[in-house]
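Undergrad: Pasting a predicted model and its sequence here:
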Amino acid sequence: MNFFNSAPQYYFAFVVVCAVVCVVSALVLAVCLRGAGWLPWAACLVPLLLLGKTYATVGRAPFYAMDVLAAFALLSTLHQWGPRVFSEKRLRWFRVAAVGLAVMACQAVYRGIAAGYPGALKGLILGLYPVLGWCAATWFLTRPVAEAVRWRWVLYVPTGGLFLTWALNIPLQTAASGLYLAIAGAFGAQLRLRGKSRLLLWTLVGAALMTAVASKRGPLLAVVAAVTATTLAGWDRRRRVIRLPMLSWSIATMGVLGVLGFTLFGQDVSDMPVVGGLAGRVLRSHDTSTEAGANVELRLEMWREAFRSVQEDPLLGTGAGHPIDVVRHGEHLNASGAGPHNSFVGYVFYLGWPAGIAVVLLVAGTLRRTWRARQHPAAASWFGATVGVAVTAFTNVAFETTYIGLPSWLVLACAFALVGVPREDGEAVGGSRGTVPVSRGAPACRLPSGTGLPRSASAEVPVSS
């Protein structure tokens, strides 16, 4: 250590050599060992689900460690997805949208840098992450179902991350946590239909902790919307009794105890356990003199200002990093320089109307494809996860940030691809392992996440292990 302290250049060289050795070793392992391609993705996403923004912002903008690991994960599996990246028909329209967004993002970043906007380079992720999602989904389609099933424990990580950040007193990014819990809750709700409620209960515990620590409306709405959407999509209409998978005896018992405790000891809505702060914010949302009401009014004003600004160049947008200056009574309300708190509006604002329309159509198309294939449990889960992504993008600065944008585009790409047209690689439709034609005219659905077999094994749906 004394030698390194006296010669820091040797210390830097030593670190670089160790990093290169580790990267080369992992690359060789991922190429040679079957199923090892999941390891670099786990190294990229598991710390993100645990620490959120704290991990995602390690590095120097616009190059972060998480993005390097994602690129390394794709590089290590290039021999698997590379030959199919431009020929995979299930991703045809997603591929077109991703390439278009990448081109629009490049011109927006160039214009933002030329205009001297702060953080213009961060706009690269508006086009980079759709391309990453496209490549990752292409690789995902090449993997057998059994490999994905072995990594289902990752869905338990978001709640563990909430407990970790709470215990270490790390600032909580509720928008990111809400998205992670919404994705886990979508798959947990579908597993609950099959009688396995551990993931859903664990996710609901995380949602309760998030609501108790930070009383935010948008993140909890994303979780509730994802679980409810999966429930509606996965509900078997032939049943006369509706089972609500988000309810169980334990959750009902805790709810009754909470209501009784508030009735006996509470003096105000804010005294309610867990949801007291959130309930108070919701009740004060109409009063612009309060923080909750002013927050809603500020977002609406930012959206109006974004649409007014983009009228100057509706095709190309205002450029990456363009600030939104909302002034009321001589006071700058958006002092932090944040985006319009709506990613759909954000794409229109930064990249122009064609890019914004492309993102809206892409999300709507993904929802339509997964809804049409909802008879299969996997499609119902991806439908709920996509709803969670859409709600988060509508209520927060989502696609414009690293810690929300990357998992959001991965979900959109995988949901779009895994519920797509059948393969044409010589396998019979419906006879290939992992592909299920769900109904007449509906797209085939590949089993991606171990959510089980369809509820009925008919002649149309082949049973695979």
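TA: All right, it came through fine.
Undergrad: give me the number of residues near residue 349?
TA: As a burial measure, residue 349 scores 29 neighbours (other C-beta atoms under 10 Å). C-beta coordinates here come from the backbone N, C-alpha and C atoms, glycine included.
Undergrad: Am I right that it is in a helix?
TA: Yes: residue state for residue 349 (DSSP: H, G, I helix; E, B strand; the rest coil) corresponds to a helix.
Undergrad: Just the strands from this protein, written as ranges.
TA: Assigned by DSSP state E, the strands in the chain fall at 59-60, 63-64, 327-328, 331-332, 435-437, 444-446.
Undergrad: By mean pLDDT, show me the worst of those.
TA: With a mean of 39, strand 435-437 has the lowest mean pLDDT of the strands of the chain.
Undergrad: these two touch, right, residue 107 and residue 316?
TA: Yes: counting by C-beta atoms under 8 Å, residue 316 is a contact partner of residue 107 at 6.3 Å.
Undergrad: Would you mind identifying the helix or strand in this structure with the lowest mean pLDDT?
TA: For the chain, using mean pLDDT, DSSP states H and E, the weakest element among its helices and strands is strand 435-437, scoring a mean of 39.
Undergrad: What is the neighbour count of the residue lying closest to residue 219 once chain neighbours are set aside?
TA: Nearest non-adjacent residue to residue 219, counting by C-beta to C-beta, 6 or more residues apart in numbering: residue 178, 2.4 Å away. Per other C-beta under 10 Å, the neighbour tally for residue 178 reads 33.
Undergrad: can you check residue 402 too?
TA: 25.
Undergrad: Same question for residue 312.
TA: If you count neighbours by other C-beta under 10 Å, residue 312 ends up with 9.
Undergrad: What's the separation between it and residue 339?
TA: 18 Å (C-beta to C-beta, to the nearest Å).
Undergrad: do the same with residue 360
TA: For residue 360, the distance to residue 339 - C-beta to C-beta - is 17 Å.
Undergrad: between these two, which one's more packed in?
TA: residue 339 (25 against 15).
Undergrad: residues in contact with the more buried one?
TA: 324, 346, 349-350, 397, 400 (C-beta atoms under 8 Å, 6 or more residues apart in numbering).
Undergrad: If you rank those by neighbours, which is first?
TA: That'd be residue 350 among these, by other C-beta under 10 Å, with 31 neighbours.
Undergrad: contacting residues for residue 159?
TA: Residue 159 neighbours (C-beta under 8 Å, 6+ apart): 181, 184, 202-203, 205-206, 209.
Undergrad: residue contacts, the nearest residue to it once chain neighbours are set aside?
TA: Spatial nearest neighbour of residue 159, excluding adjacent residues (C-beta to C-beta, 6+ apart): residue 206 at 3.1 Å. Contacts for residue 206 (C-beta under 8 Å, 6+ apart) come out as 158-159, 162-163, 177, 181, 184.
Undergrad: between these, which has the most around it?
TA: Counting by other C-beta under 10 Å, top hit in the contacts of residue 206: residue 181 with 32 neighbours.
Undergrad: Please tell me I have it right and it contacts residue 208.
TA: No: using C-beta under 8 Å, residue 181 makes no contact with residue 208, being 10.2 Å away.
Undergrad: buried sites along stretch 351-358?
TA: 351-356, 358 (16 or more other C-beta atoms under 10 Å).
Undergrad: What about residue 373, how many residues nearby?
TA: Residue 373: 26 neighbours (other C-beta under 10 Å).
Undergrad: Check the spacing between it and residue 418 real quick.
TA: Distance of residue 373 to residue 418, given as C-beta to C-beta: 9 Å.
Undergrad: rewinding a little: same list (the contacts of residue 339) but as JSON lines, adding distance to residue 88.
TA: Output for the contacts of residue 339, formatted as JSON lines (distance: C-beta to C-beta, whole Å):
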{"residue": "324", "distance to residue 88": "38"}
{"residue": "346", "distance to residue 88": "28"}
{"residue": "349", "distance to residue 88": "32"}
{"residue": "350", "distance to residue 88": "29"}
{"residue": "397", "distance to residue 88": "31"}
{"residue": "400", "distance to residue 88": "28"}
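Undergrad: got those as TSV, with pLDDT columns?
TA: Below are the contacts of residue 339 laid out as TSV (pLDDT from 0 to 100):
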residue	pLDDT
324	82
346	92
349	93
350	93
397	84
400	87
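Undergrad: between the buried residues of stretch 351-358, which is closest to residue 218?
TA: Of all the buried residues of stretch 351-358, residue 218 sits closest to residue 356, with 20.0 Å by C-beta to C-beta.
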